[in-house]
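Participant: Mind looking at a prediction? Sequence and model below.
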Amino acid sequence: MADKKSINKKDNDNNCIFSNENVNLGHQPEIDYFKTVGVFLIAIVHVYNNYSLGCLVKVAYFLSLILGAGGSMMQMGIGMKYSKHHDLKNYVSRAFILLTMGQYVNLIRNALPNFIAWCITGNKVYLSRTLLVLESDVLTFAGIAFLFLAFLKKINLSDKSILIIGIFMNNAAFILYKIKKSPDNFLVSQFLGYIVFTTNTESIFPLCSYFMFVAFGYWLGGIYQKIINKDKFYNRILVFCLPPAAIYYYLRSHYDFPILPKYITIEIYSLNAGPDAIASCLANLSALAIYYKIDKILKGKTPEFIKHAGKYFTQYYIISYVFTMQMFTFLQATRGEKYTSEMKYPTILGFTALFLSRILIDLNNKYIHFTIIGLKNPTRKYIFATIWITTIITVIYAYPKVDAYTTMWNDYTYET
């Protein structure tokens, strides 16, 4: 049997794009750009959603819709394929860690600041917002996705089969949303929202709607490992993926499509149904190609901040989002609704969140060396248990005391 060097030489001589072997296994600089853009969009869109009015919100929402949410899930899938640990036990362990981190973030960005604001002001809007401790955001979705992928791998499904299941789930979730009303009970609807899209709850990233992106990234990661001619691969991506994605989003933003949700709405963001999901995959593939071209122009000298954001993607997400939401709660509690129109520089706040994230990450790496993942037992067990017990206590305490629930559907206002 020929060794890998002779195989690669033969492939290059034939000007092939792919090898029969997994040869592209090293660091992929374009993925760092992919993650950095995701970090930037997450920070900025959270700021504009809470602090700004007008066209900037739509621009940020548009970019986040295409390259932020879907792109983050895709790179998660690619990362799963490139991981050295593929055993079931590791997947389940990582799922539990991600779910716990998601609850930790929900506690410090939602429950804690809003509980303090309620104690100070007595306004029930803040007590109701403590129930956002059940929010189904990126880390929660990631944990559930890891569990589901572990199950699919346990029954020995191929990458292509996993992708087909992801596409089926995406379309089935949209059909279910169209024909079935969500439960009236807030808690029941919220827990269902982790799996399918539900109304009047914080169902941001339901598994069925977004697992397709993870599955696509996982399938793409398998193909990616066999690439021997990236120039040719990405040239074809730009030719075959960028034009249809650009045309689709132009039409989507100017015309109402039958059946599909209206553009720039809650439904389009959280459902990402059918054609929207496919267009997002094409757009993110095109973005990867562009990032590769940029890296090639820079001759592989990836800027330091790109490497940093790529390496610490999760930390940037957590710190910037916590800072943004705590600032949002503080301003509203102290200045009332007028803060929205007075916040003239939301972009500055977004960059401040990113800058603060960088400082805290570097300080932690240099002096503290604290990570939830790196905790050793029994400390880890105690901290994890505290996070989940505090979550349960928060829900038990707040739920009977409120008559309405503040969610993305009512712009987080308290309306009985």
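Facilitator: Alright, I've got the coordinates. Predicted model, so just to flag it, every value in this text is computed and none were measured.

Participant: element containing Leu331?
Facilitator: Assigned by DSSP states H and E, Leu331 belongs to helix 313-335.

Participant: quick one: average pLDDT of that helix?
Facilitator: On average, the pLDDT along helix 313-335 is 84.

Participant: what packs against that helix?
Facilitator: With contacts taken as 3 or more Cβ pairs under 8 Å, 6 or more residues apart in numbering; DSSP states H and E, helix 313-335 sits against helix 29-51, helix 88-106, helix 112-121, helix 124-129, helix 138-154, helix 339-342, helix 346-363. No exception for glycine: its C-beta is placed from N, CA and C like everyone else's.

Participant: Which among the ones you listed is found nearest to Phe323?
Facilitator: helix 346-363 (4.9 Å; Cβ to Cβ).

Participant: For that closest one, buried residues please.
Facilitator: By 16 or more other Cβ atoms under 10 Å, the buried positions in helix 346-363 come out as Pro346, Leu349, Gly350, Phe351, Thr352, Ala353, Leu354, Ser357, Arg358, Leu360, Ile361.

Participant: ok, those residues vs Leu139, which is closest?
Facilitator: Distance to Leu139 across these (Cβ to Cβ) is lowest for Ser357, with 15.5 Å.

Participant: Nearest residue to the closest one in space, please, no chain neighbours.
Facilitator: Ile319 (4.1 Å; Cβ to Cβ, 6 or more residues apart in numbering).

Participant: got it, and Arg380?
Facilitator: Closest residue to Arg380 apart from its sequence neighbours, by Cβ to Cβ, 6+ apart: Ile372 at 7.9 Å.

Participant: Kindly report the same for Phe216.
Facilitator: Using Cβ to Cβ, 6+ apart, the nearest residue to Phe216 is Cys281, at 5.4 Å.

Participant: What's the local residue count around the one you found?
Facilitator: Residues near Cys281, counting by other Cβ atoms under 10 Å, number 20.

Participant: for whichever helix or strand it is part of, what is the average pLDDT?
Facilitator: Using DSSP H and E, the element containing Cys281 is helix 274-297. For helix 274-297, mean pLDDT rounds to 93.

Participant: Identify the residues contacting the closest residue in space to Ala279 that isn't next to it in sequence.
Facilitator: Counting by Cβ to Cβ, 6+ apart, Tyr248 is the residue found nearest to Ala279 once chain neighbours are left out, at 4.4 Å. By Cβ atoms under 8 Å, 6 or more residues apart in numbering, the contact list for Tyr248 reads Pro275, Ala279, Leu282.

Participant: do the same with His308
Facilitator: Neighbouring residues of His308 by Cβ under 8 Å, 6+ apart: Arg358, Ile361.
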